[in-house]
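Asks: One predicted model, sequence on top.
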Amino acid sequence: MSLDLGHWEAILIQAGKPLPEQHMVTLKQAAGVVLFAALSTKMRDIPAAFIVENEIYSKTRPFLNNDEDADMLWELSERLVGEKFEV
């Protein structure tokens, strides 16, 4: 069963949580972010960095950096797909 985005938007609006307005970027802007992430020396020194609208963010919530949770999630995904992943 495939539902289009309009269907989900209607559900969220009915739930009292409207979706924020979406701002599309140009192909040049999207490519610029990818190139910046790949080539910038600023990104190398920031652990767990990510980019949103050309801003570098490195603060994450504590649970995102928890090794025990990461291991548990890894094992769960292996069980769910019935396959062992070797790293």
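Replies: Structure received.

Asks: The helix or strand harbouring residue 11: which residues count as buried?
Replies: Residue 11 is part of helix 5-14 when elements are defined by DSSP states H and E. For helix 5-14, a neighbour-count test (16 or more other CB atoms under 10 Å) marks nothing as buried. The way it works is simple: take the backbone N, C-alpha and C, and place the C-beta from them, glycine included.

Asks: Check which helices and strands it sits against.
Replies: With contacts defined as 3 or more CB pairs under 8 Å, 6 or more residues apart in numbering; DSSP states H and E, helix 5-14 has no helix or strand neighbours.

Asks: With just CA atoms, put that helix into PDB.
Replies: Extracted as PDB, the C-alpha positions of helix 5-14 are listed here (Å, rounded to 0.1, in the frame of the first residue of the first chain):
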ATOM      1  CA  LEU A   5       2.700  12.800   1.000                       C
ATOM      2  CA  GLY A   6      -0.600  14.600   0.900                       C
ATOM      3  CA  HIS A   7      -2.200  11.800   2.800                       C
ATOM      4  CA  TRP A   8       0.400  12.000   5.600                       C
ATOM      5  CA  GLU A   9       0.100  15.700   5.700                       C
ATOM      6  CA  ALA A  10      -3.600  15.400   6.200                       C
ATOM      7  CA  ILE A  11      -3.100  12.900   9.000                       C
ATOM      8  CA  LEU A  12      -0.600  15.200  10.800                       C
ATOM      9  CA  ILE A  13      -2.900  18.200  10.500                       C
ATOM     10  CA  GLN A  14      -5.800  16.300  11.900                       C
END
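
Asks: How far off centre is the following helix or strand past it?
Replies: Next along the chain after helix 5-14, taking DSSP H and E as the criterion, comes helix 27-39. Put simply, helix 27-39 sits 16 Å off its chain's centre (CA atoms, centre = their mean, to the nearest Å).

Asks: what's the answer for stretch 57-75, then?
Replies: On the basis of CA atoms, centre = their mean, stretch 57-75 sits 13 Å off its chain's mean C-alpha point.

Asks: Just give me the neighbour total for residue 36.
Replies: Number of residues near residue 36 (other CB atoms under 10 Å) recorded here: 14.
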